[in-house]
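Undergrad: here you go, sequence then predicted model.
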Amino acid sequence: MASTSRRTFIGIALTAFATTACRPPASAVPSAPPPGDHWETLNTEPYKGKRDDIVFASSAVGFYGTGKGDLFRTTDGGESWFKIWSQSGTFIRAIGFVDPQNGWLGNVGTEYYPGVTDEVPLYETHDGGETWAPVDLGGAFVKGICSIDIVQTKHIHQGVLEPRTLIHAAGRVGGPTAVVRSVDGGEHWSVIDMSKEAGMILDVKFIDSNVGFVFAAAPTGAEVEGARILKTRDGGATWTAVYRSGRPGENVWKASFPSARVGYATVQSYDPERAQQVVVKTTDGGDTWTELALVTDAKAREFGIGFMDENTGWVGTMVGGFATGDGGRTWVKTNLNPASNKFRIRAMDGTFMPVSIGTSVQRWNVPQDAAIPAL
């Protein structure tokens, strides 16, 4: 067992891989090695299937949920987990915390997964997850939530620069689609109907109060367009499709923005004949996206993605994880467990601590003398 100091989440691993997904020509070999096999599986309650989201509010306090409606909390950085809340019929699809006490929980909603009876799409807590109450959406119809994004920013109010918390929750898998938005830390909410733009929404990410993205599938009747990324420049009033895969049976599942200009997303394919798996990348703030080859394996259906800087990151698939150290030009197999659905690179307090959740909960441990990626 590694010591506590070696479990500190700091830096970029220097260990090269011995196994490659597909060996590139010598000219394409990255000059810097990708992150090594430092993923440690944490001791959690057994769960059959894929768990969907995990978040750390601080270096010590974290939360994850399950499709059975069970919420777990740690207060020691993931060393131990305890069930603190459970609600039969709720499918915990997404979690977001702004600090150890205040957070939001997204329920996937009814008529998609068997056994889900809870029709409340979004809950809030102010006591560290011990109790939850439905968020008042003013009567607007939202079927379910698949992703929660929280951004800490600042704005000028009466001549004073003040902190501002932006919260966006979006969904859902199978539709119908909507984005739930708060620009004041959850005091007030608005709902953006996305039914004309997307048939499913699997992830949401905002850079600031105006610029944001949803990662989705095409609306009903436009299935041939397949996966879709939509961008807004006006806080969700209007949306532009900035990526279409053009292949049926695809969606964009999860995304990661290590900077405002560089972002990545997984393209999930349900075509059993399609062996080539791809991720997409932007280097211009999401105006254009380029497909990058991940692996040639029809079984490697993609899930989560997480980048700790513009070049170094991971992708989770049904056959395990892949890592890159050169911005997605080359990928190698790593010791992530199958179906890593969500990566979190930093806690909400800024602590660098990459974690992943799927069929297991894992964290990335590196030597204490490694360099910490800059914020």
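TA: Good, I have the coordinates. Numbers count the residues shown, from 1 in each chain.
Undergrad: from here on, just use CA atoms for contacts and neighbour counts.
TA: OK.
Undergrad: what confidence value was assigned to the nearest residue to G109 once chain neighbours are set aside?
TA: Spatial nearest neighbour of G109, excluding adjacent residues (Cα to Cα, 6 or more residues apart in numbering): G144 at 4.5 Å. What the model reports as pLDDT for G144 is 98.
Undergrad: likewise for T220?
TA: In this model, T220 carries a pLDDT of 78.
Undergrad: need the contact list for the nearest residue to it once chain neighbours are set aside.
TA: Sequence neighbours aside, G199 is the residue nearest to T220 in space, at 5.6 Å (criterion: Cα to Cα, 6+ apart). Counting by Cα atoms under 8 Å, 6 or more residues apart in numbering, G199 makes contact with G174, G175, P176, T177, A216, A217, A218, P219, T220.
Undergrad: low pLDDT regions in the stretch 151-300 of the chain?
TA: The stretch 151-300 of the chain contains residues with pLDDT under 70 at 156-158, 161, 221-223.
Undergrad: does T359 really touch G321, like I thought?
TA: No - the criterion here is Cα atoms under 8 Å, and T359 misses it with G321 at 11.9 Å.
Undergrad: and for the two, which residues touch both?
TA: Residues touching both T359 and G321 (Cα under 8 Å, 6+ apart): N337, P338, S340.
Undergrad: and those residues, which is closest to N365?
TA: Distance to N365 across these (Cα to Cα) is lowest for N337, with 15.1 Å.
Undergrad: that closest one: how many residues sit nearby?
TA: 22 (other Cα atoms under 10 Å).
Undergrad: checking V224 next. Helix, strand or coil?
TA: helix (DSSP: H, G, I helix; E, B strand; the rest coil).
Undergrad: give me the beta-bridge partners of T317?
TA: E302, G320 (DSSP bridges).
Undergrad: count the neighbours of it for me.
TA: Neighbours of T317 using other Cα under 10 Å come to 24.
Undergrad: what does E162 give?
TA: 11.
Undergrad: any idea how far T153 is from it?
TA: 9 Å (Cα to Cα, to the nearest Å).
Undergrad: residues shared between the contacts of the two?
TA: Counting by Cα under 8 Å, 6+ apart, nothing touches both E162 and T153.
Undergrad: count the neighbours of the closest residue in space to D99 that isn't next to it in sequence for me.
TA: Leaving aside its chain neighbours, D99 sits nearest to A57 (4.9 Å; criterion: Cα to Cα, 6+ apart). A57 is flanked by 23 other residues according to other Cα under 10 Å.
Undergrad: what of Q277?
TA: 22.
Undergrad: next one: I345
TA: I345: 25 neighbours (other Cα under 10 Å).
Undergrad: so who does it touch?
TA: Applying Cα under 8 Å, 6+ apart, the residues near I345 are G306, F307, M308, F352, M353, P354, V355.
Undergrad: ok, 7 Å please
TA: The contact partners of I345, by Cα atoms under 7 Å, 6 or more residues apart in numbering, come to G306, M308, F352, M353, P354, V355.
Undergrad: how about the strands in the stretch 101-250 of the chain?
TA: Secondary structure of the stretch 101-250 of the chain by DSSP state E, counting those that start in this stretch: the strands cover 103-107, 122-125, 133-134, 147-157, 160-171, 178-182, 190-193, 200-206, 212-217, 227-232, 240-244, 250-256.
Undergrad: other SSEs contacting the second one?
TA: Packing contacts for strand 122-125, counted by 3 or more Cα pairs under 7 Å, 6 or more residues apart in numbering; DSSP states H and E, involve strand 103-107, strand 133-134.
Undergrad: and it, how far from the chain's centre?
TA: 19 Å (Cα atoms, centre = their mean, to the nearest Å).
Undergrad: equivalent analysis for the first one, please.
TA: Taking Cα atoms, centre = their mean, one finds the center of strand 103-107 at 14 Å from the center of the full chain.
Undergrad: so what strands line up beside it?
TA: For strand 103-107, pairing defined by DSSP bridges yields strand 92-97 (antiparallel), strand 122-125 (antiparallel).
Undergrad: ok, and what's touching that strand?
TA: 90-97, 120-126, 144-146.
Undergrad: over to the third one?
TA: Around strand 133-134, the neighbours that count as contacts under Cα under 7 Å, 6+ apart are V120, L122, Y123, E124, T125.
Undergrad: list the contacts for the last one?
TA: When contacts are counted by Cα under 7 Å, 6+ apart, T125 touches N102, G103, W104, T131, W132, A133.
Undergrad: nearest to K281, of those residues?
TA: W104 (28.9 Å).
Undergrad: rewinding a little: tell me which of the strands paired with strand 103-107 lies nearest to E250.
TA: Closest among the strands paired with strand 103-107, once you apply Cα to Cα, is strand 92-97, at 20.0 Å.
Undergrad: state the mean pLDDT of that closest one.
TA: Averaging pLDDT along strand 92-97 yields 98.
Undergrad: now the angle between strand 160-171 and it, please.
TA: Computed by axes from the mean of the first three to the mean of the last three Cα atoms, to 10 degrees, the angle separating strand 92-97 from strand 160-171 equals 170 degrees.
Undergrad: can you pull the buried residues of strand 92-97?
TA: I92, R93, A94, I95, G96, F97 (16 or more other Cα atoms under 10 Å).
Undergrad: against G171, how distant is the second one?
TA: R93 sits 10 Å away from G171, going by Cα to Cα.
Undergrad: and the residue nearest to Q152 when sequence neighbours are not counted, what does it touch?
TA: Of all residues not flanking Q152 in the chain, T165 sits nearest, at 4.8 Å (Cα to Cα, 6+ apart). Residues near T165 by Cα under 7 Å, 6+ apart: I150, V151, Q152, T153, V183, D184, G185.
Undergrad: S195 too?
TA: Going by Cα under 7 Å, 6+ apart, the list of residues near S195 reads P176, T177, P219.
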